[in-house]
Every structure is written in structure tokens, then in C-alpha cells.
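**Student:** my questions concern the predicted model and sequence given below.
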Amino acid sequence: MKTMKAMQIPAKGDKMQCVEVPVPQPEADQVLLRVEACGVCNGDALAIRGAASQYPRIPGHEVIGIVEALGTDVTKWKIGQRVGIGWHGGHAQVTGLTMDGGYAEYMVAYEDSLSSIPDGLTALEAAPLMCAGETTFTALRNSKARPGDLVAILGIGGLGHLAVQYAHKAGFNTVAISRGPDKEALVRGLGAHHYIDSDTENPAQALQALGGAKVILATAPNAKAISALLGGLSSDSELIIVAGSGKPLEWSAMDFLKGPHTVRGSFTGHAPEVEQAIKFSVLTDVRPMIETFPLERAGEAFDRVMNAEARFRPVLHISG
């Protein structure tokens with residue numbers, strides 16, 4: 001029996017362990033992937049906290065791999081193709097949560113959950129686009145903003161640094177909001193036209209001084225920071241939340257009577273949406289800024305994400 005290395009969560013609350021397990025075999029409508037790279041996302045914490053359907057569980061939902069074997073009913077893919085999979089694993093499955101994910105040398109995936117990865121992207125570059133990239137791209141693509149509108153990005157982390165690039169490439173007047181002066185040069189290099197240091201400025205007032213934001217995209221899981229932004233919207237605008245801490249937001253009815261404003265979340269990530277994000281990223285040369293780790297150091301990479309120490313997206317380099 002062929003075996004593989006994998007980072008596995010033995011039970012709820014346990015730390016990941018490097019184990020040797022059998023290589024999974026694809027069912028009729030699945031393919032076997034030789035995993036090349038897997039991004040490390042804050043969402044992987046759900047499996048550790050107990051949300052997995054069963055244990056042990058292999059996490060990871062920003063997966064890039066090469067098709068190694070086909071189930072008997074697979075018609076869409078061929079052996080040797082490079083593909084990717086994100087949060088939605090197809091057939092009502094969640095990658096790395098209700099089915100094993102990409103912190104492993106191999107994984108199986110349903111054929112309709114996969115997206116083709118073009119030659120213009122390396123596996124390491126493509127992995128964060130499966131979740132962080134697609135999440136921010138789709139939120140902006142489906143927003144009320146149109147080219148020339150003022151769009152603000154709260155948080156310059158794994159999601160935010162991609163959102164700034166997407167907003168700039170889409171033709172928005174792009175504002176980056178973060179804490180401290182040290183990030184200004186970076187975000188301007190990524191395409192931001194304006195930078196608001198929330199340590200020294202009131203972000204809502206600063207946005208109003210610029211005319212008010214048509215869209216604010218909240219990529220930082222900070223309820224207090226998100227709550228402070230509603231007053232920065234222009235008329236008939238929206239605040240879109242793509243990351244949250246679970247803590248309550250602090251708004252009153254009067255805050256909404258100043259609008260009209262819309263506050264909504266955006267949670268997507270199916271294969272067609274992933275493919276659109278990939279196409280736009282290649283066309284406009286949007287790329288993630290990454291740190292690479294071997295599979296065996298996945299726990300260290302995960303800790304960097306959870307402690308907000310990563311710059312900007314850890315990626316496990318597994319093969320290739």
C-alpha cells in the first residue's frame with residue numbers, strides 16, 4: 001500500500017501532527033491530486049476548534065495539484081493537468097473540514113470542484129488565489145463600485161494585500177486602511193492611491209474628506225475597526241465584510257438613517273468564481289506576497305497566521 005506524509009489533526013483541540021497515512025483512492029467522480037502547494041488560511045482554525053465532520057482530519061483549502069489518477073466516471077480532466085480547489089469541495093463538502101484537504105502529499109477531490117490553473121501562475125502563486133484571492137476579487141466584482149469610484153480596503157494582510165491590487169487594477173480610486181505608518185510605502189507600491197493610518201486618523205472622517213467611499217471592503221477580523229467605518233460611506237454605498245472575529249458590531253439605527261447604506265457579507269468560492277479570479281489575476285498581473293514552508297512546518301506557518309505575524313500568506317511547498 002502506497003503511503004504519504006500528511007499534517008493531521010488527531011481530535012478537536014489537538015495540534016497538527018505529521019503522520020504517514022495511505023494515499024487516498026478516488027471514487028468514480030473524483031480525481032487524485034499530487035499536491036504541489038497549499039495556502040495556510042485563518043479558516044483552517046475551524047478544523048482545530050472542532051468543526052470538522054470527523055477526526056482525524058487533514059486541513060487545507062487553498063490547494064494546487066497535478067491530476068495523478070482519475071475515477072471511472074471523470075470526463076473533465078486528464079492526468080497531468082494542474083488544477084486548484086478552494087473552500088467549496090463540491091457535493092456539499094468543505095475542503096479540509098468535511099473532507100481531507102491539502103496539508104498532504106496527495107488528496108482526492110470531486111471533478112466539478114476543480115479549476116484549471118494556467119501556465120502563467122506557479123503553484124505557489126496560485127494557492128492563495130483559491131480562497132484569499134477569490135474572496136476579495138468576487139466581493140469587489142459584485143459590489144456597487146464602478147471604475148473611478150472611491151473604494152477602501154480595511155486591513156493589509158493575507159486578503160487585504162490582494163484586495164488593494166484588485167481594486168487598483170479594476171480602476172477604482174483605492175484607499176488602504178491599516179495601523180501605523182510602516183505600511184504606507186508597501187500599499188502604495190501595490191496600487192493604493194491613498195493611505196489612512198488608523199492610529200493617527202479617524203478612518204471614517206478621512207474617507208469623508210476624500211468624498212466618501214462607494215465601497216468599503218473589510219478584510220481584517222476586527223469588530224471595533226469595522227464598526228468605525230460605517231460613517232465613511234458616501235450615499236447609496238456598501239460595507240462588505242469578508243472576515244470577522246465573531247464579536248458583535250457596534251451600530252445603532254441612527255447610523256443607518258444617515259444612508260442609505262448596505263452592510264453585507266460576501267462568502268463565495270465555488271469553482272466558476274475561482275476561475276474568474278484566476279483569469280483576472282493573470283490578465284492584470286495580480287500576485288500574492290507569500291512565505292513558503294515545507295509540509296512538516298505547517299504548524300509553524302499556521303501559528304504565524306493566527307498571531308498576525310505572516311507577511312502575507314504562508315504557503316506549504318509540498319512537491320513540484
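**Tutor:** Received it, and whenever you're ready, just let me know what you need.
**Student:** before we move on, what SS does residue 31 have?
**Tutor:** strand (DSSP: H, G, I helix; E, B strand; the rest coil).
**Student:** what is the burial count for the closest residue to it other than its chain neighbours?
**Tutor:** Residue nearest to residue 31 in three dimensions, not counting chain neighbours: residue 67, with 5.2 Å by CB to CB, 6 or more residues apart in numbering. Placement of C-beta: from N, CA and C, glycine included. Around residue 67 there are 22 other residues, counting by other CB atoms under 10 Å.
**Student:** these two touch, right, residue 67 and residue 35?
**Tutor:** No - Residue 67 lies out of contact with residue 35 (CB atoms under 8 Å); the separation is 11.4 Å.
**Student:** and the strands in the stretch 51-200 of the chain?
**Tutor:** 62-70, 82-85, 88-90, 93-94, 106-110, 115-116, 150-154, 173-178, 194-197 (DSSP state E, counting those that start in this stretch).
**Student:** okay, those strands in JSON lines with mean pLDDT next?
**Tutor:** Below are these laid out as JSON lines (pLDDT from 0 to 100):
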{"stretch": "strand 62-70", "mean pLDDT": "98"}
{"stretch": "strand 82-85", "mean pLDDT": "98"}
{"stretch": "strand 88-90", "mean pLDDT": "94"}
{"stretch": "strand 93-94", "mean pLDDT": "96"}
{"stretch": "strand 106-110", "mean pLDDT": "98"}
{"stretch": "strand 115-116", "mean pLDDT": "97"}
{"stretch": "strand 150-154", "mean pLDDT": "98"}
{"stretch": "strand 173-178", "mean pLDDT": "98"}
{"stretch": "strand 194-197", "mean pLDDT": "98"}
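**Student:** of all those, which one comes closest to residue 309?
**Tutor:** Within those, the stretch nearest residue 309 is strand 173-178; the backing value is 15.1 Å (CB to CB).
**Student:** the strands of the stretch 51-200 of the chain: which one's closest to residue 218?
**Tutor:** strand 150-154 (4.6 Å).
**Student:** which parts of that closest one are buried?
**Tutor:** 150-154 (16 or more other CB atoms under 10 Å).
**Student:** quick one: it to strand 173-178, angle?
**Tutor:** 20 degrees (axes from the mean of the first three to the mean of the last three CA atoms, to 10 degrees).
**Student:** show me what contacts residue 174?
**Tutor:** 151-153, 164, 167-168, 191-194 (CB atoms under 8 Å, 6 or more residues apart in numbering).
**Student:** could you identify the most distant pair in those?
**Tutor:** It's 152 and 191 that sit farthest apart of these, by CB to CB, at 13.3 Å.
**Student:** ranges for the helices of the stretch 151-300 of the chain?
**Tutor:** Secondary structure of the stretch 151-300 of the chain (DSSP state H, counting those that start in this stretch): helices at 160-169, 184-190, 203-209, 223-227, 253-257, 271-284, 298-306.
**Student:** among those, show the one with the smallest mean pLDDT.
**Tutor:** Among those, helix 253-257 carries the lowest mean pLDDT, at a mean of 79.
**Student:** what's in contact with it?
**Tutor:** Contacts of helix 253-257 (CB under 8 Å, 6+ apart): 230-231, 261.
**Student:** same question for stretch 139-150.
**Tutor:** Residues contacting stretch 139-150 (CB under 8 Å, 6+ apart): 151, 163, 166-167, 170-173, 175, 207, 210-215, 217, 234, 236-238, 240, 242, 262, 266, 268, 276.
**Student:** what subset of these is buried?
**Tutor:** 151, 163, 166-167, 170, 172-173, 175, 207, 210, 212-215, 217, 234, 237-238, 240, 242, 266, 268, 276.
**Student:** so what's the spatially most central residue of the chain up against?
**Tutor:** Centrality entry for the chain: nearest residue to the mean C-alpha point is residue 132, 1.6 Å, by CA atoms, centre = their mean. For residue 132, the contacting residues are 39, 41, 62, 158-159, 162, 288, 313, by CB under 8 Å, 6+ apart.
**Student:** most surrounded residue in those?
**Tutor:** residue 62 (33 neighbours).
**Student:** neighbouring contacts of stretch 288-299?
**Tutor:** 5-7, 15-16, 18, 40, 103-105, 124-125, 127-129, 132-133, 158, 161-162, 300-301, 304, 310-318.
**Student:** for residue 137, find the nearest of the helices of the stretch 151-300 of the chain.
**Tutor:** helix 271-284 (4.1 Å).
**Student:** how about the closest one: buried residues?
**Tutor:** Buried residues in helix 271-284 (16+ other CB under 10 Å): 271, 273-278, 280-282.
**Student:** which residues touch residue 193?
**Tutor:** Applying CB under 8 Å, 6+ apart, the residues near residue 193 are 168, 173-175.
**Student:** and the gap between it and residue 132?
**Tutor:** 22 Å (CB to CB, to the nearest Å).
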